[in-house]
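>>> only geometry, no sequence info:
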């Protein structure tokens, strides 16, 4: 049964890599029913579930990976990281921050700086978020998520000039960073530069948008409608 499960898992992963998410989910589900043993296929399934809004099922998979593969460092690290994000998306921000903070204390890298930096913004302590995200900038001043986090922090603090600068730097590093494009559009609207706002918001609509983004396609469309 494990062999068949792993074959189905491979087919899920193949379709996943091609962006065919519905087909991928179908194969991953068949893999699970046939006792897939590969932790990599299970991890990929969990990530796709999370990106498509199936958080409770994703949490079950990540928890299972932690139980059955405790000595696989890569799987354990990714499962812990993704679990923290799942808790954020199901509305348990306190647990998400607690888990990501613990992980960051043990393993400082761009991923944990980026994720925890945003969770602190969501948590509402903007002074703490600003200090942390400035520390993240010292760690990696080219990471687009770190730059976007600083932009969002300054945006929340009302410093639109600083926010604008960091959002621009973020999309220079990753031109399809939908969250930064959306906030740039908002700043252009506040500055009454509507042509520029329309340009970046339309570009944001062309990006891939998943449930892990901090803005939705509907948010972007609403802003475009607002400016006509």
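Structure's in. What do you need? These numbers were taken from a predicted model, which means no experiment stands behind them.

>>> okay, CA-based contacts and neighbour counts for the rest of this
Will do.

>>> Could I get the contacting residues of residue 123?
93, 94 (Cα atoms under 8 Å, 6 or more residues apart in numbering).

>>> how close does it get to residue 135?
18 Å (Cα to Cα, to the nearest Å).

>>> residue ranges of the helices in this protein, please?
With helices called from DSSP state H, the chain shows them at 2-17, 21-33, 39-51, 55-68, 73-89, 93-106, 110-123, 126-139, 144-157, 160-173, 178-190, 194-205, 217-226.

>>> Out of the ones you listed, flag the one nearest residue 211.
In terms of Cα to Cα, the element of the helices of the chain nearest to residue 211 is helix 39-51, at 5.1 Å.

>>> Give me the pLDDT for the residue nearest to residue 216 when sequence neighbours are not counted.
Residue nearest to residue 216 in three dimensions, not counting chain neighbours: residue 209, with 7.0 Å by Cα to Cα, 6 or more residues apart in numbering. Residue 209 is assigned a predicted lDDT (pLDDT) of 91.

>>> how near is residue 103 to residue 80?
8 Å.

>>> Actually, residue 101.
If you measure residue 101 against residue 80 using Cα to Cα, the figure is 11 Å.

>>> Can you verify my assumption that residue 117 contacts residue 132?
Yes. The pair residue 117 and residue 132 passes the contact test of Cα atoms under 8 Å, sitting 6.4 Å apart.

>>> Give me the more crowded residue out of the two.
residue 117 (29 against 21; other Cα atoms under 10 Å).

>>> residues contacting that one?
Residues near residue 117 by Cα under 8 Å, 6+ apart: 129, 132, 133, 136, 146, 149.

>>> Which pair in those residues has the greatest spatial separation?
129 and 146 (11.4 Å).

>>> which one of the two has more residues nearby?
The neighbour comparison of residue 129 against residue 146 (other Cα under 10 Å) goes to residue 146, with 29 against 24.

>>> Identify the residues contacting that one.
Residues counted as contacts of residue 146 (Cα under 8 Å, 6+ apart) are 110, 113, 114, 117, 133, 136, 137, 140.

>>> Give me the phi and psi for the last one.
Dihedral angles of residue 140 (phi, psi; degrees, to the nearest 10) stand at phi -150, psi 100.

>>> In this structure it contacts residue 111, no?
No. In this structure, residue 140 is not within contact of residue 111 by Cα under 8 Å, at 10.6 Å.

>>> circling back to that earlier point, I'd like the contacts of residue 146 laid out as CSV, including distance to residue 199 and pLDDT.
Shown next, in CSV, are the contacts of residue 146 (distance: Cα to Cα, whole Å; pLDDT from 0 to 100):
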residue, distance to residue 199, pLDDT
110, 30, 94
113, 30, 97
114, 27, 96
117, 28, 97
133, 28, 98
136, 30, 97
137, 28, 97
140, 29, 95
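
>>> By neighbours, which of the residues you listed wins?
residue 117 (29 neighbours).

>>> Output the below-cut-off pLDDT ranges for the protein.
Scanning the chain for pLDDT under 70 picks out the ranges 1.

>>> The closest residue to residue 31 other than its chain neighbours: how many residues sit nearby?
In space, and not counting its chain neighbours, residue 31 is closest to residue 5: 4.1 Å by Cα to Cα, 6+ apart. Neighbourhood size, residue 5 [other Cα under 10 Å]: 23.
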